[in-house]
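>>> From the sequence below, what's the structure:
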Amino acid sequence: MDTTVLIITLIVIAIGIGGTFLPLIPGIPMIFVAIAAYGWYERFQVITPKYLVILAGITVLSMFIDYLTIYWGAKYFQSSKMGMYGAVLGGLAGIFIIPPLGLLVCPWLGAIAGELIQGNDFNKALRSGMGAVIGLFSGIAFKIIIGTGMLLSFLFVIF
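You can find the predicted model right below:
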């Protein structure tokens, strides 16, 4: 039974790492839940509450960084405040609008809309939108690193 539970946990963790690419799957939270469930199964003998608190903090940080990278990407490309806010709001709206495509397109459209509302020209708006998309992909890269790190730490702890 222990091997079966471990295999199921590793499969869920792998799906969670895949979820860092796919906006419909909450990748890092899924990894955390899989590890916490494994800890609960083995009565927190190996997966300690202290370890879970650390992973919970990393999970919350990754969710926060996910939206912050969109903001930073737009800012790096000299976006105005309205463009940066538009990018973040677009990222949030993209979760619900035409998923998963909406999560890629909406930050871009939000940054462009924010720049145009600010009164900037269309070229500046496009550059701001590009920054938001680059920030989005930076966030995905960050989540892949975090997810892989969580997997490796889990393997280290249980073996």
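
>>> and the residue nearest the centre of the chain, backbone torsions?
Geometric centre of the chain, nearest residue: Asp66, 4.4 Å, by C-alpha atoms, centre = their mean. With angles defined as degrees, to the nearest 10, Asp66 shows backbone torsions of phi -50, psi -40.

>>> Ok, Phe77 next?
According to degrees, to the nearest 10, the main-chain angles of Phe77 amount to phi -90, psi 30.

>>> What are the contacting residues of stretch 121-141?
With contacts defined as C-beta atoms under 8 Å, 6 or more residues apart in numbering, stretch 121-141 is touched by 20-21, 65-80, 83-84, 87, 90-91, 103-104, 107-116, 120. C-beta: built from backbone N, CA, C; applies to glycine.

>>> In PyMOL, select just the buried ones from those.
Under the burial definition 16 or more other C-beta atoms under 10 Å, those of the contacts of stretch 121-141 that qualify are selected in PyMOL by:
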select buried, resi 20+65+66+67+68+69+70+71+72+73+74+75+77+79+80+83+84+87+90+91+103+104+107+108+109+110+111+112+113+114+115+116+120
